[in-house]
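Engineer: what follows is a predicted protein model with its sequence.
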Amino acid sequence: MKNNLYKYILGIADNSLILGQRLGELCGHGPSLEIDIACTNISLDLLGQVRSYYQYAAKIIDGDKSEDDIAMMRKENEYLNVLLIEQPNTNFALTIGRQFLFDVYHLLFLKELQKSHDITLSAIAKKAIKEVSYHQRFSMDWVKRLGDGTEESHQKMQDAIDTLWSYTDELFHQTEADKAMIEKGIGVDTTKLKEAYYSKVSEILEIATLKVPASKWFQKGGKEGIHTEHFGYLLSDLQYMQRTYPNMEW
Amino acid sequence: MVKEQNIDDRLLSILEQVFDPEIPVLSIMDMGVVRTAIIDNNIVKVQITPTYSGCPAMDVIGDDIKAALKSAGFDSEIELILAPAWTTDWITPKGRKALEDYGIAAPLDAEADKEVLLNGKRIVKCTNCGSQNTRLVSQFGSTACKAQFQCEDCLEPFDYFKCLK
């Protein structure tokens, strides 16, 4: 039970940590000052949520691991985030597409997680919903603006959605830990969110004059610890300081 | 709205002297982040709740509360709680006035907030000249809790404190 709950929390928290890291990469590098600030603010929200999750996870395994150890000192195959959010910021359309495809899921997920029988997870979810609503507004707004924008922005946004589409189904993939927690009334049965997810995503893509990709072939692996090539590079950035100077403090 | 706030009267004047490090005109009491402050066996137990999960000011606020209580002769324990989640409704009328005077437009109600941030409706009052002819520049401002606006009449750029409910 303990182990499953621990893994379940990591499955949620790692998504926010890794997406937070990706967005943080844009600090000082955003395409405009406003976008730079928006992306880093969203990153900050996600990292704040992550701290609450990891503090709880550290308490559950009651070993000597701290929230920082959990965040910084695991090996690649011990991170349980979905593949979608580790995809790189190759261009702005990909950054926005990744954010949009995750935000729609994230909000649906948190709205269910707030009903969890676990009071800590429920409290974190209630807090996070307010923040993620703003994230979703931001990313939807940009999908519409780029999709229904110039010929070039339309094409880039469409390419981004096409590229990222194969990672969307994994959001609903359930691990053994997920299934055990759903049974206990702690976890969210994500299969029930799938229809609402694709319908919301399709609605926004249509407004943005974009095509919903027809491909039915999907990637998965992240939730089981098997990641894309991009992930190792991301981790070496994320973990560099802690690995080089173990137990360093700011 | 249930506030579930429990502050010992003897501590009120001390806590009112602790200010938000990012908005230095706003006391933490006017911000509504202090939920409980009780004296138990000569130790003050304080519960604070973050405005946003990632608010970097929370650690500083905790330290500042400890220091203020210490100089008033109290030892204290600070606890961070998440539920019930903070809402902009907890900012006091005095706090809203302090925000406006400082140049930050106070949060509108949830419906109006949505109209402003999603549909570009022009109703946020410029903190400099009072005009409602104001334009949303960015949904995220200098901190996660604020959006960036510009007045189209006097051209003043200013922050708007987003509604969080």
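Structural biologist: On my side now, so go ahead.

Engineer: run the chain-centre distance for the least confident helix or strand in chain A by mean pLDDT.
Structural biologist: Of all the helices and strands that make up chain A, helix A:67-72 has the lowest average by mean pLDDT, DSSP states H and E, namely a mean of 92. With C-alpha atoms, centre = their mean, to the nearest Å as the basis, helix A:67-72 stands 17 Å off its chain's centre.

Engineer: pull out the buried residues from it.
Structural biologist: Using 16 or more other C-beta atoms under 10 Å in any protein chain shown as the burial criterion, the residues of helix A:67-72 that qualify are A:67, A:70, A:71, A:72. Glycine gets a C-beta too; all of them are placed from N, C-alpha and C.

Engineer: who touches the residue in chain A that chain B sits nearest to in this structure?
Structural biologist: Closest approach between chain A and chain B, counting by C-beta to the nearest C-beta: residue A:48, at 2.5 Å. By C-beta atoms under 8 Å, 6 or more residues apart in numbering or on different chains, residue A:48 lies in contact with A:131, B:50, B:52, B:53, B:54, B:55.

Engineer: that older thread, what helices or strands is the least confident helix or strand of chain A leaning on?
Structural biologist: Taking 3 or more C-beta pairs under 8 Å, 6 or more residues apart in numbering or on different chains; DSSP states H and E as contact, the helices and strands that helix A:67-72 lies on are helix A:33-60, helix A:230-244.

Engineer: per-residue pLDDT, the closest residue to residue B:78 other than its chain neighbours?
Structural biologist: Computed as C-beta to C-beta, 6 or more residues apart in numbering or on different chains, the closest residue to residue B:78 that is not its neighbour in sequence is residue B:62, at 4.4 Å. For residue B:62, the pLDDT comes out at 95.

Engineer: can you tell me the SS state at residue B:62?
Structural biologist: helix (DSSP: H, G, I helix; E, B strand; the rest coil).

Engineer: how close does it get to chain A?
Structural biologist: 14 Å (C-beta to the nearest C-beta, to the nearest Å).

Engineer: distance of the residue nearest the centre of chain B relative to residue A:153?
Structural biologist: Chain B has residue B:31 as the residue nearest its centroid, 3.7 Å off, counting by C-alpha atoms, centre = their mean. Residue B:31 is 40 Å from residue A:153, where distance means C-beta to C-beta, to the nearest Å.

Engineer: low-confidence regions, chain B specifically.
Structural biologist: Applying pLDDT under 70 to chain B flags the ranges B:1-3.

Engineer: who touches the residue of it found nearest chain A in this structure?
Structural biologist: Closest contact between chain B and chain A, by C-beta to the nearest C-beta, is at residue B:54 (2.5 Å). Applying C-beta under 8 Å, 6+ apart to residue B:54 gives the contacts A:44, A:45, A:46, A:47, A:48, A:49, A:51, B:144.

Engineer: all strands of the chain, in order?
Structural biologist: All of this is about chain A. With DSSP state E, there are no strands along chain A.

Engineer: chain B is the one I meant
Structural biologist: Under DSSP E, chain B gives strands at B:6-7, B:34-40, B:43-48, B:75-80, B:104-105, B:134-138, B:146-151, B:157-161.

Engineer: could I get those strands as CSV with distance to residue A:101?
Structural biologist: As requested, the strands of chain B are arranged in CSV below (distance: least, C-beta to C-beta, whole Å):
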stretch, distance to residue A:101
strand B:6-7, 43
strand B:34-40, 36
strand B:43-48, 35
strand B:75-80, 32
strand B:104-105, 33
strand B:134-138, 22
strand B:146-151, 24
strand B:157-161, 28
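
Engineer: distance to residue A:99 and mean neighbour count added to these, as TSV?
Structural biologist: Below are these laid out as TSV (distance: least, C-beta to C-beta, whole Å; neighbours: other C-beta atoms under 10 Å in any protein chain shown):
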stretch	distance to residue A:99	mean neighbour count
strand B:6-7	40	13
strand B:34-40	32	18
strand B:43-48	30	18
strand B:75-80	28	15
strand B:104-105	27	22
strand B:134-138	15	18
strand B:146-151	18	21
strand B:157-161	22	22
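
Engineer: between the ones you listed, which one is nearest to residue A:142?
Structural biologist: Nearest of the strands of chain B to residue A:142, taken as C-beta to C-beta: strand B:134-138 at 11.5 Å.

Engineer: any residues touching the closest one, and which ones?
Structural biologist: Contact with strand B:134-138 is made by A:34-35, A:37-38, B:116-117, B:120, B:122, B:124-126, B:147-152, B:157, as judged by C-beta under 8 Å, 6+ apart.
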